[in-house]
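In: What follows is a predicted structure for the sequence shown.
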Amino acid sequence: KWSGVFFLVAFAVMSLVWDAGARRAIGLRRPYVGALNRDLTGAVLAMGLLPAVTYVVSWAGWFASPLGWGRNWAQATSQGPGFFVFDSLRSWLSYQVQVLGFHTGLSSGHTYQSAPWTWPLLSRPVAFHYPANKTGCGADSCAEAVLGVGTPVIWYGGLAALIAMVAWYVATRDWRAGTVLVGYAAGWLPWFYYALADNRTMYLFYAITMLPFMILALTLAAGLIIGRADAAPNRRAVGAAVVGAFTLLALINLGWLYPVLVAELIPHSEWWARMLFRSWV
């Protein structure tokens, strides 16, 4: 996925900031200059060269097979080893340019497209499966659906947790909150450019790369709610009860949505009851 580049850049910058912070913490002069001089090379190797090599190696099957799309395997192998290497790389680079061009230029409208600023609100998921005229559910009208939607309790709880991470970071500069926010932003904010500058067609499932950081925000927020290990027992008991109640609600919410996530055949009225917003339809 080309969008992984955003994370590599964000984490490379974050690692340099951490290095500079460590230098400043031990009292070194000019910590940021020192980080650039001594740590930049490592960041480029770890977040630039190594991922690039890994990406190329992941195409080994395409290089080795005559069946890959755009592959000139027969022509390249007939010309000898040197021609095979250079012509194969040229074909591969052409393929990558076409992939990037398609994804940056995709602007045709779609019924289930959504803008990136709406993704945290879970307002327009994609209906992957909804055949017409289903029968056999014991009702006059039946439905069978696969809706690409997250569990709302987790989704909106995660949104509240991310807001809490912003407040926590502003108040304490805690690196854990900052890391979660950087990861979430790397998976979300770049899409704003493509939406505004290129009118790019996008969907809610693009937000899946944001989800791990949303869960981390929930985890950190749960820790804050429960309290420190040396907090008063009553304080931790109340916090644990709150976190436990949230977890139980999330499980109940998932169980309620489950039929429309896995194409269970249910009465149409039950399907309709599970549509939290009319924009889900």
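Out: Thanks, I have the structure now. Numbering: from 1, shown residues only.
In: List the buried residues in stretch 23-38.
Out: Neighbour counts over stretch 23-38 (16 or more other CB atoms under 10 Å) mark Arg23, Pro31, Gly34, Ala35 as buried. (Each C-beta comes from the backbone N, C-alpha and C, glycine too.)
In: now the residues you listed as TSV including pLDDT and distance to Leu159?
Out: What follows is these, written out as TSV (pLDDT from 0 to 100; distance: CB to CB, whole Å):
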residue	pLDDT	distance to Leu159
Arg23	90	35
Pro31	87	35
Gly34	87	38
Ala35	86	33
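In: Just those residues: which are in strands?
Out: Using DSSP state E to define strands, no part of these is located there.
In: For the protein, just list every one of the helices.
Out: 4-25, 31-44, 50-57, 60-64, 73-78, 81-105, 152-172, 175-188, 190-197, 211-226, 233-261, 268-273 (DSSP state H).
In: and the first one, what does it pack onto?
Out: In terms of contact count using 3 or more CB pairs under 8 Å, 6 or more residues apart in numbering; DSSP states H and E, helix 4-25 is assigned the packing partners helix 31-44, helix 175-188.
In: if I look at the residue nearest to Val99 when sequence neighbours are not counted, how far off is Pro116?
Out: Excluding the flanking residues, the one nearest Val99 by CB to CB, 6 or more residues apart in numbering is Trp2, at 7.3 Å. To Pro116, Trp2 is 16 Å away according to CB to CB, to the nearest Å.
In: More neighbours: which of the two?
Out: Pro116 (22 against 11; other CB atoms under 10 Å).
In: give me every residue that touches the spatially most central residue of the chain.
Out: Ranked by distance to the mean C-alpha position of the chain (CA atoms, centre = their mean), the top residue is Thr209 at 0.6 Å. Contact analysis of Thr209 by CB atoms under 8 Å, 6 or more residues apart in numbering lists Lys1, Ser3, Phe7, Gly187.
In: go with 7 Å
Out: Ser3, Gly187 (CB atoms under 7 Å, 6 or more residues apart in numbering).
In: any chance of the helices of the chain in JSON lines, with distance to Leu204 too?
Out: Converted to JSON lines, those look like this (distance: least, CB to CB, whole Å):
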{"stretch": "helix 4-25", "distance to Leu204": "18"}
{"stretch": "helix 31-44", "distance to Leu204": "32"}
{"stretch": "helix 50-57", "distance to Leu204": "26"}
{"stretch": "helix 60-64", "distance to Leu204": "30"}
{"stretch": "helix 73-78", "distance to Leu204": "38"}
{"stretch": "helix 81-105", "distance to Leu204": "17"}
{"stretch": "helix 152-172", "distance to Leu204": "10"}
{"stretch": "helix 175-188", "distance to Leu204": "12"}
{"stretch": "helix 190-197", "distance to Leu204": "11"}
{"stretch": "helix 211-226", "distance to Leu204": "11"}
{"stretch": "helix 233-261", "distance to Leu204": "14"}
{"stretch": "helix 268-273", "distance to Leu204": "19"}
